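Q: what follows is a predicted protein model with its sequence.
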Amino acid sequence: MNYYFAPLEGITRSIFRNCYERFFGGIDAYYTPFVTTRDGGIMKKKEKRDILPENNSGLNIIPQIMTNKSEEFLQAARHMQEMGYTEVNLNLGCPSGTVVPKGKGSGFLRDTDALDRFLEEIYNGCPIDISIKSRIGFSSPEELPVLLEIYNKYPVKMLILHLRTREEMYSGSIHPEAFSYAYDNARMPLVFNGDVKTVEDVKLIKNSYSNELKGIMIGRGFLSHPGFVGNEKLKGNYTDKNRIMEFIRALEDDYSQVLFGETPLLFKMKEIWSFLQESFTDGDRLFRKIKKVKHLDEYHRIISTIDK
């Protein structure tokens, strides 16, 4: 079973990925937050820095592209090939309100004819492999058979299915029955994504889909419980709170090299703690305190008291 780290915009960039790998490891591939293309498929400088191989040494990185224009996708993919990448991932899952109205991310799922034409063009023209990360529909899981029929027409290296619709965003229960349908009907390797947060979740997925499943993609679960998967790929006991605290302090040090001033650094650490609180007893109370701090010395005093 392979484990993939899902991309979370603004969080899982190269600094976070490198620090996570030092302390936890066990990840078969890190998928980058999506690169947005402009005319000619040109990436923003910040996004390009994030995927440069020299900034991700020792990591298996899969860059993700989000666009609904085939020529921009292909140009961006060529840039990534020049960097040495052999695979890119197409984002058809982002549910953001700033993305969907533009017909990008999961917004693309509403126009299946246009999506089909787009996929034909990129699969015919892309010099490297393309995997897809998709929602199971825009409004309803019942849309999945139509989407899967389209995906099955192309040499999709791997299909990662987030088991919610766009309209569900990240709330409510996932739809495992949709994954079962895909498992029975997909012609490409499949990856399970959505609400995987415990070892029990992982065991249930493994038992349900056997070794034919390509892997599991986890995002918020790894942020909330770093290294929780605890299989033979991981080095040591990653439920240990001391290790998590070492990680969060090292992450702050790494961010401090690129974020100047207390305010942006505190904002970043609060963002991480909004997930990490789940790893600690009475974590919601702890996070309420962290959210209120305005200076780093206050923040340091609060986290210094954890488990004392």
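A: That came in fine, so what should we check first? Residues are numbered from 1 along each chain as shown.

Q: tell me where the stretch 101-250 of the chain has strands.
A: 129-135, 159-162, 190-193, 215-218 (DSSP state E, counting those that start in this stretch).

Q: may I see the buried residues of the third one?
A: When you say that, I think you mean strand 190-193. Residues of strand 190-193 classed as buried: 190-193 (neighbour count, 16 or more other Cβ atoms under 10 Å). Yep, even glycine has a C-beta here, placed from its N, CA and C like the rest.

Q: and Thr158, what are its phi and psi?
A: That one is not Thr; residue 158 is Met. Dihedral pair for Met158: phi -160, psi 140, per degrees, to the nearest 10.

Q: so what's it up against?
A: Counting by Cβ atoms under 8 Å, 6 or more residues apart in numbering, Met158 makes contact with 131-132, 188-191, 214.

Q: before we move on, the earlier item: most packed of the strands of the stretch 101-250 of the chain?
A: Across the strands of the stretch 101-250 of the chain, the average number of neighbours (mean count of other Cβ atoms under 10 Å) peaks for strand 159-162, which reaches a mean of 26.

Q: now that one, how far from the centre of its chain.
A: The chain centroid and the centroid of strand 159-162 are separated by 11 Å, computed with Cα atoms, centre = their mean, to the nearest Å.

Q: do stretch 108-115 as well
A: 22 Å.

Q: quick check: buried residues in that stretch?
A: If you call a residue buried by 16+ other Cβ under 10 Å, then stretch 108-115 has these buried ones: 108-109, 115.

Q: among those residues, which lie within helices?
A: Residues of the buried residues of stretch 108-115 located in helices (DSSP state H): Leu115.

Q: did I read that right, Tyr3 in a strand?
A: Yes: applying DSSP: H, G, I helix; E, B strand; the rest coil, one finds Tyr3 inside a strand.

Q: got the contact list for it?
A: Residues in contact with Tyr3 (Cβ under 8 Å, 6+ apart) are 26-28, 215-218, 229, 231, 233.

Q: pLDDT wise, what is it at?
A: Note for Tyr3: predicted pLDDT of 94.

Q: gap between it and Ala29?
A: Tyr3 sits 9 Å away from Ala29 when distances are taken as Cβ to Cβ, to the nearest Å.

Q: helices of the stretch 101-250 of the chain, start to end?
A: Ranges of helices in the stretch 101-250 of the chain, per DSSP state H, counting those that start in this stretch, are 112-125, 144-151, 176-185, 199-209, 220-224, 241-256.

Q: would you turn the ones you listed into CSV with distance to Arg78?
A: Shown next, in CSV, are these (distance: least, Cβ to Cβ, whole Å):
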stretch, distance to Arg78
helix 112-125, 10
helix 144-151, 23
helix 176-185, 30
helix 199-209, 35
helix 220-224, 31
helix 241-256, 31
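
Q: so can I have JSON lines of the ones you listed showing mean pLDDT?
A: Shown next, in JSON lines, are the helices of the stretch 101-250 of the chain (pLDDT from 0 to 100):
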{"stretch": "helix 112-125", "mean pLDDT": "98"}
{"stretch": "helix 144-151", "mean pLDDT": "98"}
{"stretch": "helix 176-185", "mean pLDDT": "95"}
{"stretch": "helix 199-209", "mean pLDDT": "89"}
{"stretch": "helix 220-224", "mean pLDDT": "93"}
{"stretch": "helix 241-256", "mean pLDDT": "94"}
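
Q: most packed of these?
A: With neighbours defined as mean count of other Cβ under 10 Å, the helices of the stretch 101-250 of the chain peak in mean count at helix 220-224, which reaches a mean of 21.

Q: Glu71 should be in a helix, yeah?
A: Yes: membership of Glu71 in a helix is supported by three-state DSSP.

Q: could you measure it against Lys241, distance?
A: As for Glu71, its distance to Lys241 is 50 Å (criterion: Cβ to Cβ).

Q: list the buried residues of stretch 23-31.
A: Going by neighbour count (16+ other Cβ under 10 Å), the buried part of stretch 23-31 is 23-24, 26-27, 29-31.

Q: thanks a lot, see you next time.
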